[in-house]
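Peer 1: I'll drop the sequence and a predicted model, then ask my questions.
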Amino acid sequence: MKHIDIMIERYPALEVCRESIEAAVKAIVEMHSHAGTLLICGNGGSAADCEHISGELLKGFLKKRPLNADQAAGLPEDIAAKLQGGIRAIPLTSLSALGTAFSNDVDPELIYAQLVYAYGTENCVFLGLSTSGNAKNVCAAAKVARAKGMKTISMTGERGGMLAELCDVAIKVPESETYKVQELHLPVYHAICAEVEEIIFG
């Protein structure tokens with residue numbers, strides 16, 4: 001997988017994550033082939049990463065992804081010419097109205113769990129980001145995803161925490177301090193997005 005190779009060449013410390021990163025790529029590609037959706041959540045800087053990841057998947061990242069004739073059928077020609085192939089990805093962090101309502105009315109630790117329950121199907125993939133691996137709201141969402149038969153992926157620091165134990169694929173970058181973990185998460189998810197795009201649209 002060339003984009004993972006490039007990432008590891010630039011960040012040699014991430015060699016220890018190669019197998020889990022490749023497994024994440026395969027899970028997302030398979031999800032797309034079954035018209036599933038990637039459900040992403042995290043807190044703080046990781047919440048911003050969720051938005052970033054979805055942005056790379058919903059439109060062209062390194063490729064233009066033009067629509068083919070079947071995809072463009074029925075669309076106005078001028079619009080179809082500018083649309084791009086997308087990979088379904090929802091940053092659960094962005095649904096602020098639901099989040100604040102559920103937090104106020106029910107339980108703030110179960111906001112992401114509620115969203116995974118509402119959106120998730122067995123064709124979906126859950127991706128949880130937590131630098132410590134112990135974010136209670138992200139772990140609760142992972143438990144719901146597992147119960148719904150979804151493939152689960154975590155991105156954490158080197159200790160992994162509870163979240164890594166809950167997930168089918170655990171990407172544990174070799175750092176423990178929050179900002180250093182986040183600095184390594186970015187090249188990891190860029191490589192994942194680039195590799196997924198290459199396989200689906202290449």
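Peer 2: Now that the structure is in, tell me what you want to look at. Residues are numbered from 1 along each chain as shown.
Peer 1: give the contact list for the residue nearest to I199 when sequence neighbours are not counted.
Peer 2: Of all residues not flanking I199 in the chain, V29 sits nearest, at 5.2 Å (CB to CB, 6 or more residues apart in numbering). Every residue, glycine included, has its C-beta placed from N, CA and C. Counting by CB atoms under 8 Å, 6 or more residues apart in numbering, V29 touches V196, I199, I200.
Peer 1: Which elements pack onto the longest helix anywhere in the chain?
Peer 2: Longest helix of the chain, by residue count under DSSP state H: helix 178-201. Helix 178-201 makes packing contacts with helix 2-10, helix 18-33, helix 45-58, strand 151-156 when contacts are defined by 3 or more CB pairs under 8 Å, 6 or more residues apart in numbering; DSSP states H and E.
Peer 1: if you set the cut-off to 7 Å instead, what comes out?
Peer 2: helix 2-10, helix 18-33, helix 45-58 (3 or more CB pairs under 7 Å, 6 or more residues apart in numbering; DSSP states H and E).
Peer 1: May I see the buried residues of that helix?
Peer 2: 181-182, 184-185, 187-198, 200-201 (16 or more other CB atoms under 10 Å).
Peer 1: just stretch 8-20 next, same as before
Peer 2: I8, Y11, L14, C17, R18, S20.
Peer 1: Let me see the mean pLDDT of it.
Peer 2: For stretch 8-20, mean pLDDT rounds to 98.
Peer 1: any residues touching that stretch, and which ones?
Peer 2: Residues outside stretch 8-20 that contact it (CB atoms under 7 Å, 6 or more residues apart in numbering): I4, M7, V169, A170, I171, K172, V173, P174, L184, P187, V188.
Peer 1: ok, the last one touching I171?
Peer 2: Yes - look at V188 against I171 with CB atoms under 7 Å: they come within range, at 6.1 Å.
Peer 1: Now for those two: what residues contact both?
Peer 2: Between them, V188 and I171 share the contacting residues C17, I21, M155, judged by CB under 7 Å, 6+ apart.
Peer 1: The second one is in contact with V188, isn't it?
Peer 2: Just to be clear, that refers to I21. Yes - at 6.1 Å, I21 and V188 qualify as touching, with contact defined as CB under 7 Å.
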